[in-house]
Structure formats: structure tokens, C-alpha cells
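Asker: below: sequence and its predicted model.
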Amino acid sequence: MKITVIGTGFVGVVSAAVFASLKNTVTGLDIDEAKVASLTQGKVPFFEPGLEELLISQQAEGRLTFTTNYIEAISEAELIIIAVGTPSDAHGHADLRFLYSAVDNLLPFLKDGAIVAIKSTVPPGTVSEIERHIKTKTTKPFSIAALPEFLREGTAVADTLKPDRVVVGADDPDAWEALKALHQPFGVPIIKVRPESAHMAKYSANAYLANRITFINQIADLCEKNEADIEEVIQAIGMDKRIGSHYWYPGFGYGGSCFPKDVRELAVYAQSKGEENNLFSKLHELNEERIPKLLDNYQKTVGSWKNKTVAVLGLSFKPHTNDMREAPSVKTIPYLLAAGAQVRAFDPQANDTAPFFIHDHPHLSYFPSLEAATQGVEIIMVLIEWPEIIEFDFSRVRNQTEEQWFIDARNQFAPTKVEAWGYNYLGIGR
Ligand code: UGA
């Protein structure tokens, strides 16, 4: 199948490379010339395990190219997947400007009978609106569908090749048949739903997972107030098959480019439909206030942050990515600096990205290794569970003369082990 993917951001590049690997001819189209130039040379402008290798191999096979040229990319395309960004605007609404601009740019070159699939996260109703919009501008036959994305950063290639399910939101039988055939090689369930249901499913999946995380964080906070240990509670309730022990390690709240944005958008969407008092608004509020609340609490134990030297380990929003959007470090480091601490930061991949997200400060330095970052610090704070951080033997960097605190923001370490290394341990809800 001849496919064009519009938008070579994270989702676009992963989709383009994976669909090429299924022997389709794929063109990645973007208005950003620098991005297209980099991709053409086989360089992915962000860190995602396995993606660059896949990109290079598909380019070598001649199945994957990138361009900024709409005529070249659209004229022959049987399927156009739109994966442009739909960032939240100041009020929390999805901003569909890039989506409409992509649609307007492709229309003059649309091939008769082409399928337009919207992969970007958009509010329910958008597919019908886009369909109406296209029909005001052209009489050419076309089909339209919603094709929401469920991949996770850090495991994007594997998630795309083996998703739990593929959801196709299509009223149009041609679009459904073509998209079903495209995804058949994955060997996973492919379900056909209405376009509105597809987009509701995308928001609901993210909001449900964010809700799970917020729920366990609330329980963890209660455990702090008694002698319970959240890890024991998770073990105990997780054995209930209706609940399960997966996907709710407690921590500094959820981050990344999706959960915070999608929960807030769902809250605003609910309000726009007259559901003022909704769960999603509360989730957003609780997540927003989580980090300052935890840091205020830690201060009661470690003493004032003022003049303390803190090693902050893990700056990205999760392991195996250098994405820092809504990463815990982005709130934690400015909080510590404002409270008078000195911060020594380290991340295996995101040290170079960090200055774009955290203002320079005379008391903030980045270090190329965990050993260097932890030199002479009074507090070690592990924010993200990068393997090289959680597998590190911290007895090697224990400063023997002073008392040292170890803050485990993801409950990745056994408290007894950290104490045996000689630190005072602080986790979440234990
Ligand atoms: C998330 C969803 O998991 C994907 O299914 C979805 O496609 C994607 O958003 C999207 O909408 O594009 P992602 O943001 O890559 O994927 O990351 P997750 O691994 O799901 O983690 C999200 C946040 O929740 C991170 O801050 C993570 O640290 C946090 N988290 C996750 C917890 O605090 N506890 C957990 O148990 C799990």
C-alpha cells in the first residue's frame, strides 16, 4: 500500500517506519525542513530505542522516504495518516490548527478514493467535522477514519508492532477494509467502532491509567500517616483479579506528553458538555499539586532544603526516552533551587534536553555520570527508574562522614538495602 504519514513527530516517525517494515511504501511528510533533512540522513531527532535502526533499514530497502513536498507525497498516496501535534491551548482545549492546516494542504493533491486516517489525539466529533470541511472544498471521492494511537514512549517500536489491539473508527466500509488489511500482519485484535468511540477510547484509556496512578498515590499518602506500607497494600489488593498489581507504582504523579494533556482536555471537554463536576478535573488538580506537596513533606524530615546539596537522578519523564515534557524534574529542580538548595543533576539521555525545560541557575549543574553528580551531596533523589540508576550500587558513592538521605521517588529500592548502604531512606507511602 502507498502510505503517507503527515507529521514526523514521535508517533509519525514510529508509524512510518513500522508500516514500511510491513512492506508498504511510506512517505513521511513534514513542513519542518530540518527534521526532514535529519530523517532523510537516517537520524531520528529524539531518543527512542530501536527506532533509528528500523528507520535506516527501511530507507536502505527503499520503502521509506521523507519530504516537505505535498504534491510528491500526496498525489499517489492511497492512505494518508495524519499524525500532527494537537497541543492543548491555554484553556486546555485540543488545538486543531495543525490538523486543519495539514488537511487544507493535502486537499489539492488528494487521489480519488484515498483514505484519510486521523491518528492525532482529537476530541470526539473531529472526524465528522473534518469530513464536512473536506466536502466544502472538494468533490473528489475519499474516505475518512479515526486511527488512535496507544503506543508508549520508550517501547514505541515494540508497542506498534504488537499492540494489545488496533482500534479503527470508521463508518465507511472502504476505510475499514483497508485499515484492517494494513494492520492484519500484527496478528492482534482489530476492532471497528464509530469514529467518536475511537477518540473517546483514546481519551478514556489515558484517563483511566492516570486515574489508577492518582488513586494509588492517594492511598500511598494515607499509608504515610499510619504504619502501612504501600508496597504491601499493592501486593494484597493486586491479588484480586479484578484489580491486578500492574501499572500503579506510586510516585511523583504522572507526566509525559500525553496523560497530563489528555486528562486536562477530557476535563475541559466534560465541562463543555455541561459536566462541570467531573473526575478528570480532580485528577488534573491532584497531579498538579503532587510534587510541591511531597517536597514540602520531605522537608519536614530532612530539615530545610536551604544550602543542602541534592543529586537529582533521572530528568526525563520516564526511562528510555530523553523526552522531558511534564517530567518530575521540571517541577522538582526549580522547587529545590527556589528553596535555596544546590542541585547536581544527571540523566543517561536527557542532560542535553534539560536546559530547554529548566532555566539555568548558578546553583544548578549537570554531570555526565551518576558518580560525578553524587559527589559530596547530602541528599540523593532518584526521580526516574532508569536501569543504570536503579541497578547502581550506591554504597560506592556514600559519603562516610556525613548523614545522607536517599529519596526514592518511585519506590524502586528496598529500604533495608539503602539503609545497609548507610543512607536514611525516604520513599513514597512506606
Ligand atoms: C501513555 C500511554 O501509556 C500510551 O498507551 C499512550 O499511547 C500514550 O500515553 C499517548 O497517549 O501517546 P507514555 O506517556 O509514553 O504513554 O508513558 P507511560 O509509560 O504510560 O507513563 C506515563 C506516566 O505515568 C509517566 O510519568 C510514568 O512515570 C507514570 N506512571 C506510570 C506512574 O507514575 N506509575 C505507573 O504505575 C505507571
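Answerer: Here it is on my side, so go on.

Asker: quick check: residues of the stretch 101-250 of the chain near the ligand?
Answerer: Glu149, Phe150, Leu151, Arg152, Glu153, Asn206, Leu209, Ile213, Tyr247, Trp248, Tyr249 (Cβ under 6 Å from any ligand atom). C-beta coordinates here come from the backbone N, C-alpha and C atoms, glycine included.

Asker: neighbours around the spatially closest residue to Glu326 that is not a sequence neighbour, how many?
Answerer: Nearest residue to Glu326 in three dimensions, chain neighbours excluded: Gly255, at 3.9 Å (Cβ to Cβ, 6 or more residues apart in numbering). Residues near Gly255, counting by other Cβ atoms under 10 Å, number 25.

Asker: all further residue positions should be reported with the first residue as 22.
Answerer: All set: I'll call the first residue 22, so the last point we hit is now Gly276.

Asker: next, Gly276: phi, psi?
Answerer: Backbone torsions of Gly276, given as degrees, to the nearest 10, read phi -130, psi -160.

Asker: quick check: it touching Thr353?
Answerer: No. Under the criterion of Cβ atoms under 8 Å, Gly276 makes no contact with Thr353, lying 10.8 Å away.

Asker: one step back: can you tell me how far the residue nearest to Glu347 is from the ligand?
Answerer: Distance of Gly276 to the ligand, computed by Cβ to the nearest ligand atom, to the nearest Å: 4 Å.

Asker: do you know the pLDDT at that residue?
Answerer: Gly276 is assigned a predicted lDDT (pLDDT) of 97.

Asker: tell me the contacts of it?
Answerer: Counting by Cβ atoms under 8 Å, 6 or more residues apart in numbering, Gly276 touches Phe338, Lys339, Arg346, Glu347, Ala348, Pro349.

Asker: let me know the helix or strand that Leu60 is in.
Answerer: In the assignment (DSSP states H and E), Leu60 maps to helix 54-61.

Asker: return the set of buried residues in that helix.
Answerer: By neighbour count, with 16 or more other Cβ atoms under 10 Å as the criterion, the buried positions of helix 54-61 are Lys56, Val57, Leu60.

Asker: with just CA atoms, put it into PDB.
Answerer: Output of helix 54-61 as PDB, limited to C-alpha atoms (Å, rounded to 0.1, in the frame of the first residue of the first chain):
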ATOM      1  CA  GLU A  54      12.800  21.100   6.700                       C
ATOM      2  CA  ALA A  55      15.400  20.500   9.400                       C
ATOM      3  CA  LYS A  56      13.500  17.500  10.700                       C
ATOM      4  CA  VAL A  57      13.000  16.000   7.200                       C
ATOM      5  CA  ALA A  58      16.700  16.600   6.400                       C
ATOM      6  CA  SER A  59      17.700  14.800   9.600                       C
ATOM      7  CA  LEU A  60      15.300  11.900   9.000                       C
ATOM      8  CA  THR A  61      16.500  11.600   5.300                       C
END
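
Asker: by contact count, what packs against that helix?
Answerer: Counting by 3 or more Cβ pairs under 8 Å, 6 or more residues apart in numbering; DSSP states H and E, the packing neighbours recorded for helix 54-61 are strand 85-88.
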